[in-house]
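K.L.:
Provided below for reference: sequence and predicted model.
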Amino acid sequence: MNQESYDVYNPADGSLVGSVPAGTYDDVNNAVSIAWEAFRSWSQTDPLDRSKLLFSAAQLIRADQKDLARLLTREQGKPLRESLNEVAGFARVLEYYASISGTMHGDYGLSKNYGHMMVMRQPLGVCAAIIPWNMPVLIMGWKIGPVLATGNTMIVKPSTTAPLTCKALAGYLYRVGVPESVLQLVTGSGEVVGEALARHPDIRSLSFTGAVSTGIQVAEHAAKTFKKTILELGGSDAMIVCRDADLEAAAKGAVSGRFFNCGQTCTAIKRVFVDTKIYAPFVQRVRELAGALQVGNGLTPGVDIGPVHTKRQRDTIHSLVQETVNNQLGTVMSGGEIPDSNPYTMGSFYPPTILTDVDPDAPVMREEVFGPVLPISGFDSISDAIERANATRFGLGASVWTHDMRIISRATQELDAGIVWVNQHLRIPPEVPFGGVKSSGLGRENGRYALFHYLEEKTILIHP
Ligand code: NDP
């Protein structure tokens, strides 16, 4: 890293993948002026024309999916299979917003006293997004799709450690005709570029995904400049496995829901509560399935878990595991050691780790553990399970695994979460709203709900 640019390294082997400019406050100011100028004409384009551009970009991106996925794996670390899905997911989000971009009409009523009462929906203007490194491509799609579809302009700040695929994807939108002034990327640090975006008085909306502590700072700055704000701040999702659950499906769900993306997903399963009646066979099956996962460089065929994104992140995860064990708050059933042999020493690897009989009050059960660690605990009644699931400051997602309609009805109502799954976890279609409660954030992305966020109502009263 030097003053003008950031180097981006592959977390699997430390090799240099590329570099991006280190943006400044002036770059942000400049981008905001350009984006307002572009807004004048972009906001006047027909929704159908914007849809066509989004569809065309999605088509080009799908054609180059493999190259884009390789780049994503090299800078982020995830297995190529997951990168392929993420790139396809980005294209799908563009297609979804392309298909509904013209559907957001206003409202109308006629009153004897007030005459014609109309509600017009207009785009906000210049919007900004701050993107993390864990799912950079999909999260950028969630943020730019509704912004472009509604006729707003956008400035994106990608993460400093995974900006390259985001930058490449913007190039596809330019190639089909989205003006560079309508979608701008300003790369650089959170402290400089991120903060400048959050503070800027001429940005109307800010969508942020990342850590709670950063989200608080961003929200403070955004409040002072009256931005409409979406905050997606992670979670500590609980999975509740009831005694009647399909044990094989639940064990597979726990393993994929936790170890996907090396555990670095906001809605990953971060705590499992299992009915004590099926605790032993469930834990045994999870151990077998997790033991079969291949850890390695995400580009190597057959690899299921890549490296943790950074060494710092890996060390944080390991300390939480050690803290659990040292304070006798749980037992390591498998994993739990930093690998010390080649090729693992070249990168920031951590094995899939299962912690059993974990104290529900242990930090590993309450905080967001952003890595491949699965803490499991037993429960005797569904009331206990729901209470424990809710005993965290987070409220992003939760799942209940049962076919008992009484439990499904109760859990879906009582779990404090923005999304509750039944007999599945971690699946997020673009058609439905996504976001959390409590410290997991504010507002919703995805679905038609995101379009509402990026449009402002204007009331018009015409007396005849
Ligand atoms: P951060 O919140 O630091 O980073 C997320 C984004 O915010 C990055 O683009 C970052 O830029 C930017 N940023 C950092 N500081 C500021 C600031 N002061 N003002 C504006 N933007 C800023 O998360 P980390 O990457 O450090 O991850 C830490 C923890 O956050 C993880 O362990 C995990 O618990 C949680 N997290 C949750 C995610 C989720 O999906 N919910 C995603 C990522 C992290 P830069 O890259 O320059 O730091």
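P.N.:
Received the coordinates, thanks.
K.L.:
Skip the chain neighbours and tell me the closest residue to the closest residue to the ligand within the stretch 1-150 of the chain.
P.N.:
Residue nearest to the ligand within the stretch 1-150 of the chain (Cβ to the nearest ligand atom): Pro132, separated by 3.4 Å. To be clear about C-beta, it is placed using only N, CA and C from the backbone, and glycine gets the same treatment. Spatial nearest neighbour of Pro132, chain neighbours left out: Gly210 (4.7 Å); criterion: Cβ to Cβ, 6 or more residues apart in numbering.
K.L.:
confidence score at that neighbour?
P.N.:
What the model reports for Gly210 is a pLDDT of 98.
K.L.:
Next up, the contacts around it.
P.N.:
Counting by Cβ atoms under 8 Å, 6 or more residues apart in numbering, Gly210 makes contact with 130, 132, 190, 232-234.
K.L.:
Repeat the analysis, applying 10 Å as the threshold.
P.N.:
By Cβ atoms under 10 Å, 6 or more residues apart in numbering, the contact set of Gly210 is 130-134, 139, 159, 190, 194, 218, 231-234, 266, 441.
K.L.:
for these, which one is nearest Asp27?
P.N.:
Set against Asp27, the nearest of the contacts of Gly210 by Cβ to Cβ is Gly194 (12.3 Å).
K.L.:
That closest one falls within a helix, correct?
P.N.:
Yes. Checked against DSSP: H, G, I helix; E, B strand; the rest coil, Gly194 lies within a helix.
K.L.:
hey, which helix or strand in the chain has the poorest pLDDT?
P.N.:
Every helix and strand in the chain was compared by mean pLDDT, DSSP states H and E; the lowest is helix 363-366, with a mean of 90.
K.L.:
Now it - C-alpha only, CSV.
P.N.:
Provided in CSV are the C-alpha atoms of helix 363-366 (Å, rounded to 0.1, in the frame of the first residue of the first chain):
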residue,chain,number,x,y,z
PRO,A,363,-19.6,-14.7,24.1
VAL,A,364,-19.4,-17.1,21.2
MET,A,365,-23.2,-17.5,21.5
ARG,A,366,-24.0,-13.8,21.9
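K.L.:
Give me the contact list for it.
P.N.:
Where contact means Cβ under 10 Å, 6+ apart, the residues beyond helix 363-366 that reach it are 236, 238, 270-273, 317, 319-321, 323-325, 327, 329-330, 355, 358-360, 369, 373-377, 388, 391-394.
K.L.:
Give me every residue in the stretch 251-400 of the chain lying close to the ligand.
P.N.:
266, 313, 368, 370 (Cβ under 6 Å from any ligand atom).
K.L.:
quick one: which of these sit in helices?
P.N.:
Secondary-structure check on these using DSSP state H: residues within helices are Gln313.
K.L.:
Identify the farthest-apart pair in the residues of the stretch 251-400 of the chain next to the ligand.
P.N.:
Farthest-apart pair in those is Cys266 and Gln313; separation 14.1 Å (Cβ to Cβ).
K.L.:
which of the two has more neighbours?
P.N.:
Cys266 (29 against 21; other Cβ atoms under 10 Å).
K.L.:
quick revisit: now do the phi/psi pair for the residue of the stretch 1-150 of the chain closest to the ligand.
P.N.:
With angles defined as degrees, to the nearest 10, Pro132 sits at phi -90, psi -180.
K.L.:
Check Met333 too.
P.N.:
When read as degrees, to the nearest 10, the backbone of Met333 gives phi -90, psi -40.
K.L.:
Spit out the contact partners of it.
P.N.:
Taking Cβ under 10 Å, 6+ apart as the criterion, Met333 is in contact with 283-284, 286-287, 290-291, 353-357, 374, 376.
K.L.:
Now do it, the pLDDT please.
P.N.:
Note for Met333: predicted pLDDT of 97.
K.L.:
Quick check: closest non-adjacent residue to it.
P.N.:
Closest to Met333 by Cβ to Cβ, 6+ apart is Ile354, at 4.3 Å.
K.L.:
Equivalent analysis for Ala290, please.
P.N.:
In this structure, Ala290 finds its nearest non-sequential neighbour in Pro352, 4.5 Å apart by Cβ to Cβ, 6+ apart.
K.L.:
on that earlier part again, who does the helix or strand containing the residue nearest to Met333 pair up with?
P.N.:
Element membership for Ile354, per DSSP states H and E: strand 353-356. Here strand 353-356 has these sheet partners by DSSP bridges: strand 331-334 (antiparallel), strand 373-379 (parallel).
K.L.:
Tell me which of those strands is the most buried.
P.N.:
Mean neighbour count, computed with mean count of other Cβ atoms under 10 Å, is highest for strand 373-379 among the strands paired with strand 353-356, reaching a mean of 25.
K.L.:
how far is that one from where the chain is centred?
P.N.:
On the basis of Cα atoms, centre = their mean, to the nearest Å, strand 373-379 sits 23 Å off its chain's mean C-alpha point.
K.L.:
who's in contact with whichever helix or strand comes after that strand?
P.N.:
Going down the chain from strand 373-379, the next helix or strand is helix 382-390, by DSSP H and E. Here helix 382-390 makes contact (Cβ under 10 Å, 6+ apart) with 236-243, 271, 273-275, 360-361, 365, 377-379, 381, 395, 398-400, 402, 404, 406-407, 410-411, 413-417, 438.
K.L.:
And helix 382-390, what's buried?
P.N.:
Within helix 382-390, the residues that count as buried by 16 or more other Cβ atoms under 10 Å are 382, 385-386, 388-390.
K.L.:
And stretch 158-171, by the same measure?
P.N.:
For stretch 158-171, a neighbour-count test (16+ other Cβ under 10 Å) marks 158-170 as buried.
K.L.:
Cool, thanks, signing off.
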